[in-house]
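Chemist: Pasting the sequence and the predicted coordinates here, then a few questions.
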Amino acid sequence: GTAFIDSCGICVGGNTGLQPCSQTVDCFGTIGGTAYIDSCGICVGGNTGLQPCTQDCHGDWGGTAFIDSCNTCVGGNTGLQPCIQDCHGDWGGTAYIDSCGICVGGNTGLWDCDTINAINNMSWYNEVSIYPNPLSGQDIIVKAGNYSGNIEISITDLTGKLIFTSDCYMEKGKCQVNINPMPVDGLYLFRIRSSKNMMVVKRLSIYGQ
């Protein structure tokens with residue numbers, strides 16, 4: 001017969017039905033092997049135990065760019081950082097914590113209390129105070145310099161839901177409001193609007209209910 005041992009040590013030809021392996025050596029040094037150089041210049045496949053590299057979302061072979069939670073290709077060679085969640089829980093959102101400690105802007109539907117106060121009357125904002133704060137009882141006192149006149153009071157939760165509203169006549173810069181029914185413990189926005197349409201927003205903590 002004409003069968004013979006080929007370079008891979010296998011009996012081929014003749015009546016074996018087998019073809020001899022290639023005389024070439026692959027990149028891994030295996031005679032007749034199937035390892036090859038991939039698009040990243042690495043010897044893969046065959047007996048290497050390695051998988052060929054792939055393109056990342058930026059089009060770089062073997063790159064580390066990836067699609068972030070905002071569906072944007074970031075990292076790697078993109079020069080972009082992955083997006084993060086804002087205080088409202090939105091990926092890539094623009095909501096932020098204002099100086100009243102409230103998550104505002106973005107998709108919250110809430111105004112920054114600094115913006116509200118600045119738009120209206122910053123000097124009046126500095127004059128207005130509420131106490132006790134934190135509040136554990138039903139009575140809260142509003143003070144505002146020597147202002148006299150009717151004011152409108154409202155309390156909203158952090159989503160903007162109206163919890164309480166009342167009118168109060170301020171005499172010589174002071175009035176007392178009875179909050180009934182009392183909201184549950186938590187953090188609220190306390191809005192004060194004067195008859196001159198000046199508005200102030202303060203943060204109010206309620207506990208012990």
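Modeler: Arrived safely.

Chemist: Enumerate the positions of stretch 27-36 that are buried.
Modeler: Neighbour counts over stretch 27-36 (16 or more other Cβ atoms under 10 Å) mark 27-28, 30, 32-33, 35 as buried. Quick note: C-beta positions are derived from backbone N, CA and C, even for glycine.

Chemist: And it, end to end?
Modeler: The straight-line separation of the ends of stretch 27-36 (Cα to Cα, to the nearest Å) is 6 Å.

Chemist: Mind listing residues that contact it?
Modeler: Contact with stretch 27-36 is made by 6-8, 21-26, 37, 43-48, as judged by Cβ atoms under 8 Å, 6 or more residues apart in numbering.

Chemist: which stretches of this protein have low pLDDT?
Modeler: Applying pLDDT under 70 to the chain picks out residues 22-24, 99, 111, 113-125, 196-197, 209.

Chemist: switch to 80 and redo it
Modeler: Counting by pLDDT under 80, the chain contains low-confidence residues at 7-8, 21-25, 31-32, 98-102, 104, 108-126, 158-160, 195-199, 208-209.

Chemist: now the helices for the protein?
Modeler: Shown for the chain, the helices assigned by DSSP state H span residues 113-120, 122-127.

Chemist: any idea which residue sits dead centre in the chain?
Modeler: By Cα atoms, centre = their mean, the chain has its centre lying nearest to residue 85, at 0.4 Å.

Chemist: out of the buried residues of stretch 27-36, what pair is the most spread apart?
Modeler: Within the buried residues of stretch 27-36, two members stand farthest from each other by Cβ to Cβ: 27 and 32, at 12.7 Å.

Chemist: In strands, which of the contacts of stretch 27-36 appear?
Modeler: 37, 43-44 (DSSP state E).

Chemist: buried subset of the residues you listed?
Modeler: Neighbour-count burial (16+ other Cβ under 10 Å) applied to these gives 43-44.

Chemist: Perfect, I'm done here.
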